[in-house]
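Enquirer: Predicted model and sequence below, questions to follow.
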Amino acid sequence: MTPILSVSDLHVHLGESHILQGVSFDVADGGVTALLGRNGVGKTTTLRALMGLVDRRGRVELAGESIQAAATHRIVRRGVGYVPEDRDVFAGLTVEENLRLAERDAEPRYGLVYELFPELKQRAKQQAGTLSGGQQQMVAIARALLSDNHVLLVDEPTKGLAPLLVTEVARVLERVSELTTVLLVEQNLGVVARVARDVVVLDTGRVVHIGPARELLADKPMVNRMLGVG
Amino acid sequence: MSTFVLLTITGLGLGAMYFLIASGLSLIYGLMGVLNFAHGAFLTVGAYGAWFAESKLAGVSVLPRFLLGALAGLVVGGVFAALVELVLIRPLYKRHIEQVLVTVGLALAVSALVVAIWGNDARPFTAPSWLGRTTSVAGAHIPNDRWVEIATALVVLVALNAFLRRTRYGLIIRAGVENRAMVTALGIDVRRAFTLVFAIGGVAAAVAGVLSGVYFGTVDPARGTSLLIFAFIVVVIGGLGSLRGTAVSAVVVGLVQQYANYYASSGLGDLSVVLLLGIVLLARPGGLSAKLA
């Protein structure tokens, strides 16, 4: 089966640093593929490179079509949604304006968004900058869900959230993965165990492991060696 | 009392002109990070566009001639600014040093071109005679053109605010001022907003060019550059990228300049504005809008 997203020999240089050193992996259609690794190995840079937000070299295909030369807005219009690390909501805009900005399709999926995050409807007129971290994360995910995407790149959605909210985000990711393919960067292995089917592990800018999530997470020495956690 | 009223209205008129130049400058920096040293050239091009159109309408009565000339100036200013963005700024996206060099070079080139074509001397600018008369307020005889300057700046402020608050492009610009990369990551081609902001800035600067023609009774090649210096001060005091901060700052700078020139010593107005800039930067490095926002 053709992967929905195929990455080959991806390189990124930031200043003098060679951050991604030939990253290659495929993301199968449907479900969640988790991109794992210790801090600073290039997970966020990989997502940013796929989005065209940093200069990159290599080959990236979306549903068999090359996108590595496309500008960021064109990559998004071809069906790649992005939920960045640290949410990046527009603090000076209201929740409603944040969502309106993300409308791409003729019929944005407000029904889905408000089903998943009913609180956002109540807070439509509130400035996004005054929301809690969890609420801002809802806005960030909601923006990406408004349009129909082939694949959603989600960068550390549980970072800095309280345990109750982490569970809530995991529930949302499960629901989202029924609708679209998700490439998830996540440090919380509990969330990974709950939502991910496959994993790709990075180390110092290279892929060091690809396989089923369950297999990796069951092998504690391997997890410890690759991710530095027991 | 009448002197104070005269100084206040004149200061507001001057502030209105600063606002018209600084509003575009502030939006351009806020959205694109471009320090546009060619913004004064937009004023010059708009002013000369209006003057040139007026000069070709010699047989037409004064008011329609003035209005048509002004309209031509605004169109020329807006189109010129949009072309500058498309041809010179866009290829230098993210290359800030090169952008500064290009805009400084363009400012010098436009000024030199105007001198080469129309000479160094100021050219008389025809305006309706009513603008040259005065209206008495609390014993002060206020030149009528000051009212027009203030009213025009208010209209531009309201129109820009409505554009930013009520249109999709306005939404894109407000979001882009906060986080340009994230706007593109939502599938939006932010470059169109760049061109639009340049065009809007060019039109506003051209309005200032026409009004400066009325204020001074002439157009001259150096005016854009001399007013641009104060516009930059207004933008920095107001807070880069903030329209409201720019409006407040323009009024404060215009008033301080006028009061200092009269109550302290003639010529101290410019120095007092620079002092004000220093005080604001020390007390509130983000400018006035850091508190206003």
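Expert: Perfect, I can see it now.
Enquirer: how many neighbours does residue B:85 have?
Expert: Other residues within reach of residue B:85, judged by other Cβ atoms under 10 Å in any protein chain shown, total 22. The way it works is simple: take the backbone N, C-alpha and C, and place the C-beta from them, glycine included.
Enquirer: What residue in the stretch 51-200 of chain B comes nearest to chain A?
Expert: residue B:187 (3.5 Å; Cβ to the nearest Cβ).
Enquirer: my guess is that residue meets residue A:76, correct?
Expert: Yes: counting by Cβ atoms under 8 Å, residue A:76 is a contact partner of residue B:187 at 3.5 Å.
Enquirer: got any residues that touch both of the two?
Expert: residue A:104 (Cβ atoms under 8 Å, 6 or more residues apart in numbering or on different chains).
Enquirer: Could you tell me which residues make contact with the residue of the stretch 51-200 of chain B closest to chain A?
Expert: So residue B:187 contacts A:73, A:76, A:77, A:102, A:104, A:147 (Cβ under 8 Å, 6+ apart).
Enquirer: Which helix or which strand is home to the nearest residue to the fifth one once chain neighbours are set aside?
Expert: Translated: residue A:104. Excluding the flanking residues, the one nearest residue A:104 by Cβ to Cβ, 6 or more residues apart in numbering or on different chains is residue A:147, at 4.2 Å. Under the criterion DSSP states H and E, no helix or strand holds residue A:147.
Enquirer: quick one: residue A:147 from residue B:193, how far?
Expert: The gap separating residue A:147 from residue B:193 is 19 Å, by Cβ to Cβ, to the nearest Å.
Enquirer: The two - which one has more neighbours?
Expert: More neighbours surround residue B:193 than the other of residue A:147 and residue B:193, with 24 against 19 (other Cβ under 10 Å).
Enquirer: residue contacts, that one?
Expert: Per Cβ under 8 Å, 6+ apart, neighbours of residue B:193: B:31, B:169, B:172, B:173, B:176, B:183.
Enquirer: Can you give me the neighbour number for the fifth one?
Expert: Other residues near residue B:176 number 26, with proximity taken as other Cβ under 10 Å.
Enquirer: which residues does it contact?
Expert: Listed by Cβ under 8 Å, 6+ apart, the contact partners of residue B:176 are B:31, B:183, B:190, B:193.
Enquirer: By neighbours, which of the residues you listed wins?
Expert: Highest neighbour count within these: residue B:183, with 27 neighbours (other Cβ under 10 Å).
Enquirer: Report the central residue of chain A.
Expert: For chain A, residue A:154 is the residue whose C-alpha lies nearest the centre (Cα atoms, centre = their mean; 1.4 Å).
Enquirer: Does it belong to a helix, a strand or coil?
Expert: Secondary structure, DSSP: H, G, I helix; E, B strand; the rest coil: residue A:154 is strand.
Enquirer: how about it, what does it touch?
Expert: So residue A:154 contacts A:83, A:141, A:144, A:173, A:182, A:183, A:184, A:185, A:186 (Cβ under 8 Å, 6+ apart).
Enquirer: Which residue, other than its chain neighbours, is closest to the first one?
Expert: Leaving aside its sequence neighbours, residue A:83 sits nearest to residue A:154 (Cβ to Cβ, 6+ apart; 4.4 Å).
Enquirer: Just name the shakiest helix or strand of chain B by mean pLDDT.
Expert: Within chain B, confidence by mean pLDDT, DSSP states H and E is lowest for helix B:289-292 among all helices and strands, at a mean of 58.
Enquirer: Can you tell me the SS state at residue A:19?
Expert: Put simply, residue A:19 is strand when judged by three-state DSSP.
Enquirer: Please look at it and residue A:13 and confirm they touch.
Expert: Yes: at 6.8 Å, residue A:19 and residue A:13 qualify as touching, with contact defined as Cβ under 8 Å.
Enquirer: what helix or strand is residue A:81 on?
Expert: Applying DSSP H and E, one finds residue A:81 within strand A:80-83.
Enquirer: Chain A - how does it break down into domains?
Expert: According to automatic domain parsing, chain A comprises the domains A:1-79+A:151-156+A:177-230, A:81-148.
Enquirer: For residue B:258, find the nearest of the ones you listed.
Expert: domain A:81-148 (33.0 Å; Cβ to Cβ).
Enquirer: first to last residue in the closest one, what's the distance?
Expert: 9 Å (Cα to Cα, to the nearest Å).
Enquirer: rewinding a little: in the beta-sheet assignment, what are the partners of the residue nearest to residue A:83?
Expert: Listed by DSSP bridges, the beta-bridge partners for residue A:154 are residue A:83, residue A:184.
Enquirer: So which elements touch the helix ranked longest in chain B?
Expert: Longest helix of chain B, by residue count under DSSP state H: helix B:2-32. Identification of packing neighbours for helix B:2-32 by 3 or more Cβ pairs under 8 Å, 6 or more residues apart in numbering or on different chains; DSSP states H and E yields helix B:39-55, strand B:140-143, helix B:144-166, helix B:168-178, helix B:190-216, helix B:223-238, helix B:243-259.
Enquirer: and residue B:135, what does it touch?
Expert: With contact set as Cβ under 8 Å, 6+ apart, residue B:135 has these partners: B:141, B:142, B:144, B:147.
Enquirer: How about residues contacting the strand holding residue A:81?
Expert: By Cβ under 8 Å, 6+ apart, strand A:80-83 touches A:47, A:50-51, A:62, A:67, A:76, A:140-141, A:143-145, A:147, A:149-155, A:157, A:180, B:185.
Enquirer: what about the stretch 151-293 of chain B, any weak spots by pLDDT?
Expert: For the stretch 151-293 of chain B, the stretches flagged by pLDDT under 70 are B:290-293.
Enquirer: can you check chain A too?
Expert: For chain A, the stretches with pLDDT under 70 are A:1, A:229-230.
Enquirer: residues from it in reach of chain B?
Expert: A:51, A:53, A:71-73, A:76-77, A:82, A:84, A:88, A:90-93, A:97, A:100-102, A:104, A:143, A:147 (Cβ under 8 Å from any Cβ of the partner chain).
Enquirer: What subset of those residues is buried?
Expert: Buried by 16 or more other Cβ atoms under 10 Å in any protein chain shown: A:51, A:53, A:72-73, A:76, A:82, A:84, A:88, A:90-91, A:93, A:97, A:100-102, A:104, A:143, A:147, out of the residues of chain A next to chain B.
Enquirer: Helices - which of the residues you listed land there?
Expert: Among those, DSSP H puts A:72, A:73, A:76, A:97, A:100, A:101, A:143 in helices.
Enquirer: what sits against the first one?
Expert: Meaning residue A:72. Residue A:72 makes contact with A:51, A:52, A:53, B:181, B:184, B:185, according to Cβ under 8 Å, 6+ apart.
Enquirer: hmm, which two among those residues are most spread apart?
Expert: Across those (Cβ to Cβ), the longest gap, 10.1 Å, separates A:52 and B:181.
Enquirer: Cool, thanks, signing off.
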